[in-house]
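Trainee: Pasting the sequence and the predicted coordinates here, then a few questions.
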Amino acid sequence: MKYVASLGGQEVEIEINGEDEIIVDGERYAIDFRSIAGQPVYSLLINGRSYEALVQLSEEGSEVLLQGQLFLISVDDERQRRLRQTSGPQLTERGEFHLKSPMPGLIISVSVREGQEVARGDRMIILESMKMQNELKSPRDGIIRSLRVKSGDNVEHHQVLLTVG
């Protein structure tokens with residue numbers, strides 16, 4: 001599985017290549033990564049060098065305390081990145097926003113109704129694709145102007161699911 005990690009505006013591609021190896025931007029590293037006693041403290045061996053890190057989740061991503069420095073890291077898998085990329089450029093603060101399906105799939109649930117007010121980050125739809133459930137959230141505050149799907153509907157890539165005005 002490939003991931004994209006963002007740190008301070010810089011992105012790196014990470015591929016997990018088995019339990020003991022990762023590839024970061026094309027460079028291979030031998031690793032061992034284990035939680036210590038079920039705590040958010042991890043023992044990390046990279047190419048034979050030992051590190052200890054405290055990892056905690058926050059709303060913005062993962063906070064990692066490593067060698068006395070605190071890093072805020074955002075990590076997306078390929079699917080999450082695709083979801084973010086397809087919904088990002090369409091966003092406008094005024095007018096209507098058309099939420100489109102980022103991939104073909106099955107609508108598992110619809111959490112909103114026409115005329116309902118939504119806030120940025122509110123879950124609106126759960127879309128299942130390739131046996132993974134993806135939460136589609138409101139990118140801004142608004143009112144649901146049009147709802148074009150219901151639970152159980154199959155949808156195509158880029159199909160408009162709802163409109164926020």
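Mentor: Received, thanks.
Trainee: State the distance from the nearest residue to E63 once chain neighbours are set aside to Y3.
Mentor: Excluding the flanking residues, the one nearest E63 by CB to CB, 6 or more residues apart in numbering is Q56, at 4.9 Å. From N, CA and C alone the C-beta is placed, and that goes for glycine too. Distance of Q56 to Y3, computed by CB to CB, to the nearest Å: 18 Å.
Trainee: Which one's more surrounded, the two?
Mentor: Y3 (17 against 10; other CB atoms under 10 Å).
Trainee: wouldn't the more buried one be in contact with E11 here?
Mentor: No. Y3 is not in contact with E11 according to CB atoms under 8 Å; the separation is 10.3 Å.
Trainee: just to revisit the earlier point, quick one, what contacts the residue nearest to E63?
Mentor: Listed by CB atoms under 8 Å, 6 or more residues apart in numbering, the contact set of Q56 reads P40, S62, E63.
Trainee: beta partners for the last one?
Mentor: Judged by DSSP bridges, the bridge partners of E63 are Q56, L72.
Trainee: can you give me the helices in this protein?
Mentor: Per DSSP state H, the chain carries helices over the ranges 78-87.
Trainee: Could you chop it up by domain?
Mentor: Under the assignment automatic domain parsing, the domains of the chain span 2-77, 88-164.
Trainee: Make JSON lines from the ones you listed and add mean pLDDT to it.
Mentor: Listed next are the domains of the chain as JSON lines, based on pLDDT from 0 to 100:
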{"stretch": "domain 2-77", "mean pLDDT": "85"}
{"stretch": "domain 88-164", "mean pLDDT": "86"}
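Trainee: who's in contact with the residue lying farthest from the centre of the chain?
Mentor: Farthest-out residue of the chain from its mean C-alpha position, per CA atoms, centre = their mean: G48, at 30.9 Å. G48 is in contact with A30, counting by CB under 8 Å, 6+ apart.
Trainee: Distance-wise, check it relative to V41.
Mentor: From G48 to V41 the distance is 20 Å (CB to CB).
Trainee: next one: V164
Mentor: Where V41 is concerned, V164 sits at a distance of 42 Å (CB to CB).
Trainee: So which of the two has more stuff around it?
Mentor: Using other CB under 10 Å, the more surrounded residue of V164 and V41 is V164, with 24 against 13.
Trainee: okay but that one is in contact with S138, surely?
Mentor: Yes. Using CB under 8 Å, V164 is in contact with S138, at 6.2 Å.
Trainee: Which neighbours do those two have in common?
Mentor: Listed as contacting both V164 and S138 by CB under 8 Å, 6+ apart are V118.
Trainee: What's the per-residue pLDDT of the spatially most central residue of the chain here?
Mentor: Among the residues of the chain, the one closest to the centroid is Q80, at 3.9 Å (CA atoms, centre = their mean). Turning to Q80, the model gives it a pLDDT of 70.
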